[in-house]
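Student: When you get a sec, could you give me coordinates for this:
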Amino acid sequence: MAKRTKMTLVLMPEVVERVATCIVTSKDMAAFLQALPEDWLSEPLAALRQLYRAVQTRRLKVLAGDKVYPRHVRLWPHLELPYEIHDEELCGWIVKAMVLYPTVAFDSNDLPPSYPLQPQTQLKVHAIETSELLQEAISRWPERIQLLELLFVDASEWPRAKQVAASLTTLPALREVIFQYEAYDIKYNFSPMFQALASTRVRDVKVLNVHTVWPKAADTALAKWLRTGSIAALTLDGDFVLPNEFDSSAICKGIAASKTLVDVEIKSTPLLQLFFREIPVLPPHLRSLSLQGLSLDDLALITAAIAPSQLQKIQLGFDPGYDDEFPNETLALVDALSHLRSLRQCHLFGIQLSGTDVTRLASLLPQLTTLHLEAAGLDDDKVAILAAALPQCSSLELLHLSHQDFGDAGVASLAAVVPQCPSLKTLNLNENLVTDKGVQALCPIVHHLDAINLSYNTIDVDGALAISHIIPETCHMTRICLHGNRLRKEGVLAIISALGDCVYRQGFVNVYDTVFDDDDAIEEAIEELPDAAWIIFDDDSRTESRRTY
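Tutor: Predicted structure coming up:
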């Protein structure tokens with residue numbers, strides 16, 4: 001009888017590389033690379049594995065004095081490296097791994113980036129504050145710029161809009177533009193910009209932080225672009241100051257008439273006063289709708305508009321300060337949401353939910369990846385209703401319950417079921433009534449998560465000490481946010497001491513605004529850490545990094 005030959009499975013490195021590019025998180029990429037045999041890895045993946053090992057052994061980190069210190073090195077899905085790297089072997093691995101990144105993002109003040117770029121790499125250039133920086137980026141990479149973010153700090157730094165528009169139309173790869181105001185009352189007419197870009201292949205347009213007169217010409221030009229162009233995503237954010245003759249319905253009509261728009265985000269603009277009156281039924285191709293600054297008086301209109309939609313993401317934020325409650329209208333809205341079969345992300349801000357509303361929302365949870373409720377009046381009993389649904393949620397990745405009315409009992413309900421919801425990786429419980437007792441209930445299950453936010457609760461020293469004891473189990477976590485609590489010197493030092501025993505951490509612990517006064521002992525303890533990026537003690541922009549989160 002012939003002896004059977006044992007079969008050995010071997011995957012081609014090219015196939016493995018294609019699979020790797022679909023991985024979403026850095027933690028999963030590191031685990032993927034570590035688990036595979038060396039001969040399964042393509043040259044770029046082998047180089048990336050070496051870079052992960054260099055980060056984990058702190059050979060590759062941001063050193064004091066570097067332009068981006070203190071910041072974590074990020075290897076996936078975005079690349080964030082020290083500004084200066086003098087290790088030739090590290091540079092060689094970076095060169096080989098770069099083919100894995102179809103796009104790379106950096107700020108204009110990092111021009112040129114410190115790492116080599118592959119010829120085919122597309123670029124996202126942020127924080128361009130002057131016309132000179134824009135021209136420098138265009139002259140360096142005329143064929144490769146995919147995104148431009150223009151910051152209007154001082155209008156005198158920018159020439160007339162027609163000149164800027166002419167520059168943008170020369171970029172064949174440009175798909176996304178962000179116009180962001182960085183100061184109040186900057187007068188800049190965007191109408192020539194919109195007119196020129198309408199003939200390009202730009203598909204994503206953001207106009208942010210507007211606090212100035214928005215001329216009718218700009219409104220008309222943007223509306224025409226929406227009707228006739230190829231815009232797929234539109235974001236308008238700011239308190240627009242409008243002249244008397246302004247007809248703010250033009251953009252709403254443009255949104256309704258667009259054949260390409262799938263993503264709309266509008267925050268605190270006069271457009272919201274007319275939005276659902278001009279758009280009584282949402283366009284059937286719209287997949288994402290985010291509106292902040294709505295009136296509760298419009299609940300019936302909102303419900304009628306979204307009920308027949310195919311939305312995958314909805315975000316509705318209502319103006320605060322309403323004394324009246326709208327129980328029937330709120331239940332009708334929640335009922336409409338619960339019947340949206342395509343919905344995956346649900347965000348509701350500033351609308352009071354009854355127990356019946358929460359029960360209806362809980363029936364929606366199993367199909368969601370994200371539930372974000374803010375200022376919804378959730379008490380311990382309502383949180384318990386949501387918690388009871390978590391074991392049936394195989395897709396839920398983020399649960400955000402902030403600015404509510406629950407405390408330790410609600411937290412205990414969640415802690416009891418988090419291990420039964422393995423997909424849940426981010427839990428945000430900031431601005432509630434959680435005390436040290438609630439923290440102690442959470443500590444045994446925190447390691448199941450990748451991120452937790454307990455900021456601005458009523459956590460004291462005992463809670464900080466409890467957190468310090470689980471620090472060794474949380475090295476994989478991207479963030480533990482404790483800022484705004486009264487951890488005091490003893491609690492903060494205990495956390496720093498525990499961090500000092502770690503070999504490597506994926507993220508940081510935020511303890512900003514947790515002691516009454518700055519303390520030299522805390523600063524000295526931070527200096528002794530293996531990596532200062534592991535903790536935030538001073539006000540730090542890392543919590544809102546545009547390129548990382």
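Student: what number of residues lie near Leu529?
Tutor: 17 (other Cβ atoms under 10 Å). To be clear about C-beta, it is placed using only N, CA and C from the backbone, and glycine gets the same treatment.
Student: That one and Leu499, how far apart?
Tutor: 6 Å (Cβ to Cβ, to the nearest Å).
Student: Are there residues contacting both of these two? Which ones?
Tutor: Ile535 (Cβ atoms under 8 Å, 6 or more residues apart in numbering).
Student: Quick one: mean pLDDT over whatever helix or strand Ser468 lives in.
Tutor: Element membership for Ser468 (DSSP states H and E) is helix 461-470. The average pLDDT for helix 461-470 rounds to 98.
Student: Go through it and flag the buried ones.
Tutor: If you call a residue buried by 16 or more other Cβ atoms under 10 Å, then helix 461-470 has these buried ones: Val461, Asp462, Gly463, Ala464, Leu465, Ala466, Ile467, Ser468, Ile470.
Student: and what of stretch 63-83?
Tutor: 66, 68, 70-83.
Student: Tell me the one of the residues you listed nearest Lys267?
Tutor: The closest of the buried residues of stretch 63-83 to Lys267 turns out to be His78 (Cβ to Cβ; 24.6 Å).
Student: Could you measure from that closest one over to Thr235?
Tutor: Distance of His78 to Thr235, computed by Cβ to Cβ: 20 Å.
Student: can you check Cys475 too?
Tutor: Distance of Cys475 to Thr235, computed by Cβ to Cβ: 36 Å.
Student: go on, Cys252?
Tutor: Cys252 is 15 Å from Thr235, by Cβ to Cβ.
Student: who has more neighbours, those two?
Tutor: Using other Cβ under 10 Å as the criterion, Cys252 and Thr235 rank with Cys252 on top: 21 against 16.
Student: show me the contacts for the nearest residue to that one once chain neighbours are set aside.
Tutor: Nearest residue to Cys252, sequence neighbours excluded (Cβ to Cβ, 6 or more residues apart in numbering): Glu278, at 3.7 Å. Neighbouring residues of Glu278 by Cβ under 8 Å, 6+ apart: Ser249, Cys252, Lys253, Ala256.
Student: so where is the stretch 151-300 of the chain shaky, pLDDT-wise?
Tutor: 185, 212-213, 240-248 (pLDDT under 70).
Student: let's see it at 80
Tutor: Within the stretch 151-300 of the chain, the set of residues satisfying pLDDT under 80 comprises 154-157, 183-189, 210-215, 239-248, 268-270.
Student: just the stretch 1-150 of the chain next, same as before
Tutor: 1-11, 109-116.
Student: ok, now with 90
Tutor: For the stretch 1-150 of the chain, residues meeting the criterion pLDDT under 90 lie at 1-14, 24-25, 27, 64-72, 78-80, 83-84, 104-120, 130-131.
Student: Can you name the two of the contacts of Glu278 that sit furthest apart?
Tutor: Farthest-apart pair in the contacts of Glu278 is Ser249 and Ala256; separation 9.9 Å (Cβ to Cβ).
Student: Please parse the protein into its domains.
Tutor: For the chain, automatic domain parsing gives the domain ranges 11-101, 102-279.
Student: This completes my enquiry, with thanks.
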